[in-house]
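[1] here's my sequence, what's the structure:
(one chain, ligands or ions: 1)
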Amino acid sequence: EKGGHDYFMLKEIAEQPQAIADTLLGRLSERGEIVLDEVRLTDQDLRDVDKIFIVACGTSYHAGMVAKYAIEHWVRIPCEVELASEFRYRDPILDRSTLVVAISQSGESMDTLMALRHAKEQKARVLAICNTNGSTIPRESDAVLYTHGGPEIAVASTKAFLTQLVACYLIGLHLAQIRGVMYADEVAAVVEKLQQTPDSLRTLLGRMEEVRELARDLKTASTVLFIGRHVGYPVALEGALKLKELAYMHAEGFAAGELKHGPIALIDEGTPVVCVVPSPAGRGVMRDKVVSNIQEVRARGARTIVIAEEGDEDVRAFADHLIPVPATPTLLAPLMTTVPLQVLACEIAAARGHDVDQPRNLAKSVTVE
Ligand code: M6R
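    As a prediction, this is how the structure comes out:
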């Protein structure tokens with residue numbers, strides 16, 4: 001049942017290229033528009049949206065953080081991401097022209113469900129991104145886009161995360177198109193790049209041996225830090241969350257630019273720092289900034305594990321370990337850069353002798369607040 005893998009998590013990591021392809025399949029109408037699954041929202045409702053809130057927990061929240069970058073860039077309307085457990089207590093300003101996007105693999109997270117109910121009481125429109133057909137969150141939403149990841153058994157979310165990213169990209173592109181901010185051919189160009197990601201990911205998954213070796217090396221570390229900028233920031237948070245939940249190790253993710261505002265004091269001789277480097281194409285400035293952050297931590301003794309686009313040879317000089325990932329447009333890069341971090345956490349946990357699929361104290365769906 002684990003398809004020849006030692007753990008469900010490894011099986012699910014390996015299934016990611018297919019899960020992305022399945023989530024993309026049949027989503028584009030002949031007019032090039034995104035097809036939602038169950039919709040009680042008209043195109044006019046979506047045109048009237050003037051603000052978006054994304055609510056989710058854990059890994060799904062990290063998908064929401066990535067979505068914010070993509071949606072604001074493509075759609076040009078304000079988009080906030082909020083931990084579902086905090087949303088309703090803060091009395092957010094919501095009305096009929098607010099779109100609340102609830103992201104949940106299980107469709108049963110109580111925190112997300114309560115945030116959704118609060119949004120509906122305030123007359124906001126609710127769109128769910130969910131992996132579980134007919135679960136509570138999509139049932140109570142005005143529209144749903146299902147991620148076709150297939151069942152996720154391991155407690156740690158992997159393929160659900162990547163398919164949530166795909167669903168968020170599709171929603172962003174759909175909104176941009178129906179609101180006339182992007183032309184059909186611009187949308188088609190991004191969709192084409194998305195369609196190439198399963199192949200790129202297969203290539204990447206074929207090169208994980210070094211990450212496994214690294215995991216054996218890092219298993220005794222007392223802390224592992226993760227840094228990233230722009231969409232690399234939520235990837236850093238996701239890498240740290242995986243390590244916490246699976247390996248029971250102290251791990252923390254930071255926005256690379258925040259290091260000098262405090263966390264850099266944590267760096268000691270040999271502290272492992274995983275650095276997610278943006279693509280040198282397009283937004284070179286951002287990449288250069290992360291490279292100088294890497295130099296800063298290295299100068300203070302950090303052992304750097306650098307995830308960078310293949311061909312970006314200049315980073316090699318600052319990397320104790322270099323993990324190259326296939327070239328992908330900046331906003332789509334988390335579909336690549338997250339994967340070595342999943343493998344790293346899984347392998348470190350296994351090397352420490354933990355139950356990878358059933359970490360202590362955790363449940364697959366958290367149905368209490
Ligand atoms: O089913 P959901 O997407 O609503 O679950 C949200 C979180 O509980 C979940 O992502 C959790 O953080 C994972 N165990 C992370 O790997």
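
[2] which residues touch the closest residue to residue 56 other than its chain neighbours?
    Leaving out its chain neighbours, the residue that sits closest to residue 56 by Cβ to Cβ, 6 or more residues apart in numbering is residue 103, at 4.0 Å. (Each C-beta comes from the backbone N, C-alpha and C, glycine too.) Applying Cβ atoms under 8 Å, 6 or more residues apart in numbering to residue 103 gives the contacts 54-56, 60-61, 63-64, 67, 112, 128-130, 164, 167-168.

[3] so which of the residues you listed are in helices?
    Cross-referencing the contacts of residue 103 against helices under DSSP state H gives 60, 61, 63, 64, 67, 112, 164, 167, 168.

[4] picking that back up, which one of the contacts of residue 103 is nearest to the ligand?
    Relative to the ligand, the closest of the contacts of residue 103 is residue 60; by Cβ to the nearest ligand atom it sits at 3.7 Å.

[5] mind listing what the closest one touches?
    103, 104, 105, 109, 112, 157, 160, 161, 164.

[6] by neighbour count, which of those wins?
    Of all those, residue 103 has the most neighbours under the rule other Cβ atoms under 10 Å, reaching 33 neighbours.

[7] on the three-state scheme, that one is what?
    Under DSSP: H, G, I helix; E, B strand; the rest coil, residue 103 falls in the strand class.

[8] ok, now residue 6?
    Of the three states, residue 6 takes coil under three-state DSSP.

[9] returning to what we had before: and the ligand, which of the ones in helices among the contacts of residue 103 reach it?
    Filtering the ones in helices among the contacts of residue 103 for neighbours of the ligand using Cβ under 6 Å from any ligand atom leaves 60, 112.

[10] which among the ones in helices among the contacts of residue 103 gets closest to residue 235?
    Ranked by distance to residue 235 (Cβ to Cβ), these are led by residue 63 at 10.6 Å.

[11] in contact with the nearest residue to the closest one once chain neighbours are set aside, which residues?
    Closest residue to residue 63 apart from its sequence neighbours, by Cβ to Cβ, 6+ apart: residue 164 at 3.8 Å. By Cβ under 8 Å, 6+ apart, the contact list for residue 164 reads 60, 63, 103, 105, 129, 131, 147.

[12] so residue 271 sits against residue 301, correct?
    Yes. In terms of Cβ atoms under 8 Å, residue 271 counts as a neighbour of residue 301; the distance is 6.8 Å.

[13] more neighbours: the two, which one.
    Set residue 271 next to residue 301 and count neighbours by other Cβ under 10 Å: residue 271 wins out with 18 against 12.

[14] neighbours of the residue of the stretch 51-200 of the chain found nearest the ligand, how many?
    Nearest residue of the stretch 51-200 of the chain to the ligand: residue 58, at 1.9 Å (Cβ to the nearest ligand atom). The tally of other residues near residue 58 (other Cβ under 10 Å) stands at 22.

[15] try the one 3 residues further on
    Applying other Cβ under 10 Å, we find 23 residues neighbouring residue 61.

[16] can you check residue 217 too?
    Using other Cβ under 10 Å, residue 217 has 14 neighbouring residues.

[17] mind checking how far it is from the ligand?
    23 Å (Cβ to the nearest ligand atom, to the nearest Å).

[18] over to that residue. Which of the three states is it?
    What three-state DSSP gives for residue 217 is helix.

[19] kindly report the same for the one 4 residues further on.
    In terms of secondary structure, residue 221 is coil; the call rests on three-state DSSP.
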